[in-house]
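1. Predicted structure and sequence below. I'll ask about it afterward.
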Amino acid sequence: MAKKRSVVPFGPQHPVLPEPIHLDLVLEDEKVVEAVPNIGFIHRGLEGLTEKKDFRQMTYVIERTCGICSFGHGLGYVETIENIMNVEVPERAKYLRTIWSELARMHSHLLWLGLISDAFGFESLFYQSWRIRERVLDCLELTTGGRLIFSVLEPGGVLRDINKDQEKEILKQIGLVEEELKEVEKAFLLDYSVQTRLKGVGIITKERAHEIGCCGPVARASGLSYDMRKLGYEAYGNLDFEPIISNDCDSYARCEVRIKEIHQSIDLIRQAFAKMPEGDLSVPVKGFPKGECFTRIEQPRGEAIYYVKANGTKMLDRFRLRTPTFANLEGLCEMLKNCEYADVGILCVTIDPCISCTER
Amino acid sequence: MGIMKFAPTMLKQLFEKPVTKNYPAEPINYPEGSRGHIDIDIQQCISCGMCMRVCPPGAITVDRKTRTWTINRFDCVQCGYCTTVCPKKCLYLNPGYQTPGPEKYIYSQTHVLTEAEKQHEAEMEAKKQAAIKAAMAKKAAAAAAAKKDGAAPDAAAKPADKPQA
Ligand code: SF4
Ligand code: SF4
């Protein structure tokens, strides 16, 4: 019997999707043959705001591109401005930025663990993951004042410090996170029913991942050793770590990589606290930027690229942000080819889509 | 591979007390430095308007004439930029969030002049008036002189137009 083709719209409103993305799924019976993504539902024109807000105000605007990657966006932006203006940030500020970005990575990955368990219908696992995440959010609130949006960055340094008491509290809390995560990760990595949903599903081979330019945990789960932190920005150059890679290339590998990265972040925070020197928090930045610059940093979801063109006045000429999800959407379409219709929801979540960032 | 790997964790949770807080019956303790809302020590404020100019969403309005500082709490995004630029450091980011409501909550404070400030203001005003008077007198004198000389009155009167220091 000839197979019948049909097109099923998926999203932008769908229970599994945290954010709106629309996919046109071309189905042959229950198999997906092709997926055509369609974005643009929550475009807010943040890049265009560069014409209305000066470059210091933009620090706060860029940070609010997304609620989960907020620290990374702020960091990428101020780094770009600092590169243009040749500002050398004090050592202590570099370490503080590193600590905060690792805490942000932990909470982003824990959020993802919750979302994926929700996607495969394991509600109590979802609840446990977010319970652990709360500890990280409390640490962030304690030190920066904000739970998701921190506003502690400025061109030239940071605005808040972490004192000894707060340091002790963070180390205590991440110790607890480590313990609790060890318990919960057993379910993700060893549970039979979870494995049936993740193993062997959504494969992107190493070659394909390289060709279509995947980044972040998606690339690393396909065996590509790409981690922008290895470029040594901020204090990462002084810390000892290796990118976590897996050669399984499937959803399970992506889950495993993210869990291991949480442990890696805990380790990096401990290292950073041990090496953090005393000193100033910021250097004064005078004048306006002139020139252009590209910066790459590793967000929890992958490599993000920031481009700034400045003309020597307080307004920037152009700001551009390439988010990791934008690169990974191509990977998603690759995964969806030849998958079962029932797996589409989970596969969408495995790339950790952040559509607000992507559409800015 | 195993089945029921998660059972111990779930069972433990059964006998623990809830993770969530029974808010609002139980109060929430915000850490010190939590980004709740902006407060102002209005008597310190000099109505310079710096905070109004830098606020990214434009939540603050400062009226120099009436010395009023106004914030639209629903526009404020708690970035804290205003607190860093205020020359008198009279803005504070304090814990405690704005309660939700059906209407936009506008918070306004007016700087009330103290006796000393009033006196200072009166002195400044008197000085200003005196300066204006002097300038006017000079102008009139110059105009009269120009008339007498029969020269173009405009050209002679021009320099005196400028306000006196
Ligand atoms: S910056 Fe400070 S002193 Fe100036 S108007 Fe605002 S609150 Fe008042
Ligand atoms: S905290 Fe930020 S948004 Fe709120 S009033 Fe101050 S500058 Fe404006």
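-> Yes, it's here. Please read all numbers here as calculations on a predicted model, not as lab measurements. Ligands and ions are numbered 1, 2, ... in the order given.
2. which residues in chain A form helices?
-> A:55-63, A:70-85, A:91-119, A:123-144, A:164-190, A:192-198, A:206-212, A:216-221, A:251-275, A:324-336, A:344-350, A:355-359 (DSSP state H).
3. Nearest to residue A:237, out of those helices?
-> helix A:91-119 (9.2 Å; Cβ to Cβ). All C-beta atoms are positioned from the backbone trio N, CA, C, and that covers glycine.
4. mind checking how far that closest one is from the chain centre?
-> 8 Å (Cα atoms, centre = their mean, to the nearest Å).
5. who are the neighbours in contact with the nearest residue to residue A:187 once chain neighbours are set aside?
-> Spatial nearest neighbour of residue A:187, excluding adjacent residues (Cβ to Cβ, 6 or more residues apart in numbering or on different chains): residue B:6 at 4.0 Å. The contact partners of residue B:6, taken as Cβ atoms under 8 Å, 6 or more residues apart in numbering or on different chains, are A:122, A:124-125, A:184, A:186-187, A:191.
6. Where does the stretch 201-350 of chain A get nearest to ligand 1, which residue?
-> Per Cβ to the nearest ligand atom, residue A:314 is where the stretch 201-350 of chain A lies closest to ligand 1, at 18.0 Å.
7. Next one: that residue from chain B, what distance?
-> For residue A:314, the distance to chain B equals 11 Å [Cβ to the nearest Cβ, to the nearest Å].
8. Neighbours of that residue, how many?
-> As a burial measure, residue A:314 scores 14 neighbours (other Cβ atoms under 10 Å in any protein chain shown).
9. So what's the residue count around the residue in the stretch 51-200 of chain A positioned nearest to ligand 2?
-> Ligand 2 sits closest to residue A:60 of the stretch 51-200 of chain A, with a gap of 6.8 Å, by Cβ to the nearest ligand atom. For residue A:60, the count of nearby residues is 24 (other Cβ under 10 Å).
10. Once you drop chain neighbours, what's closest to it?
-> Using Cβ to Cβ, 6+ apart and skipping residues adjacent in sequence, the residue nearest residue A:60 is residue B:79, 4.2 Å away.
11. same check, this time on residue A:219
-> Residue nearest to residue A:219 in three dimensions, not counting chain neighbours: residue A:226, with 5.0 Å by Cβ to Cβ, 6+ apart.
12. correct me, but residue A:153 touches residue A:60?
-> No. Using Cβ atoms under 8 Å, residue A:153 is not in contact with residue A:60; the gap is 9.0 Å.
13. picking up where we left off before, give me the distance between the residue of the stretch 201-350 of chain A closest to ligand 1 and residue A:156.
-> Per Cβ to Cβ, to the nearest Å, residue A:314 is found 15 Å from residue A:156.
14. got the buried residues for stretch A:129-136?
-> A:129-136 (16 or more other Cβ atoms under 10 Å in any protein chain shown).
15. dump the residue contacts of residue A:300.
-> Contacts of residue A:300 (Cβ under 8 Å, 6+ apart): A:68-69, A:72, A:104-105, A:108-109, A:216, A:352.
16. would you turn those residues into JSON lines with pLDDT?
-> Shown next, in JSON lines, are the contacts of residue A:300 (pLDDT from 0 to 100):
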{"residue": "A:68", "pLDDT": "84"}
{"residue": "A:69", "pLDDT": "83"}
{"residue": "A:72", "pLDDT": "86"}
{"residue": "A:104", "pLDDT": "90"}
{"residue": "A:105", "pLDDT": "90"}
{"residue": "A:108", "pLDDT": "90"}
{"residue": "A:109", "pLDDT": "91"}
{"residue": "A:216", "pLDDT": "85"}
{"residue": "A:352", "pLDDT": "81"}
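17. As JSON lines, those residues with distance to residue B:46 would be great.
-> What follows is these, written out as JSON lines (distance: Cβ to Cβ, whole Å):
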{"residue": "A:68", "distance to residue B:46": "40"}
{"residue": "A:69", "distance to residue B:46": "39"}
{"residue": "A:72", "distance to residue B:46": "38"}
{"residue": "A:104", "distance to residue B:46": "38"}
{"residue": "A:105", "distance to residue B:46": "43"}
{"residue": "A:108", "distance to residue B:46": "43"}
{"residue": "A:109", "distance to residue B:46": "47"}
{"residue": "A:216", "distance to residue B:46": "49"}
{"residue": "A:352", "distance to residue B:46": "49"}
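18. what's the pLDDT at residue A:137?
-> You'll see residue A:137 listed with a pLDDT of 90.
19. and if you look at residue A:265?
-> 90.
20. give the contact list for it.
-> Counting by Cβ under 8 Å, 6+ apart, residue A:265 touches A:102-103, A:105-106, A:109.
21. which one of these is nearest ligand 1?
-> Within the contacts of residue A:265, proximity to ligand 1 (Cβ to the nearest ligand atom) peaks at residue A:103, which comes in at 31.7 Å.
22. follow-up on the earlier one: identify, out of the helices of chain A, the most deeply packed stretch.
-> Of the helices of chain A, the one with the most neighbours on average (mean count of other Cβ atoms under 10 Å in any protein chain shown) is helix A:216-221, at a mean of 28.
23. Need the contact partners of that one.
-> Applying Cβ under 8 Å, 6+ apart, the external contacts of helix A:216-221 come out as A:204, A:209-210, A:226-227, A:243-246, A:248-250, A:253-254, A:256-258, A:261, A:298-303, A:324, A:328, A:331, A:350-352.
24. same check, this time on stretch A:237-249
-> Outside stretch A:237-249, the residues that touch it by Cβ under 8 Å, 6+ apart are A:98, A:203-206, A:209, A:220-227, A:229-230, A:253, A:256-257, A:260-261, A:264, A:267-268, A:271-272, A:275.
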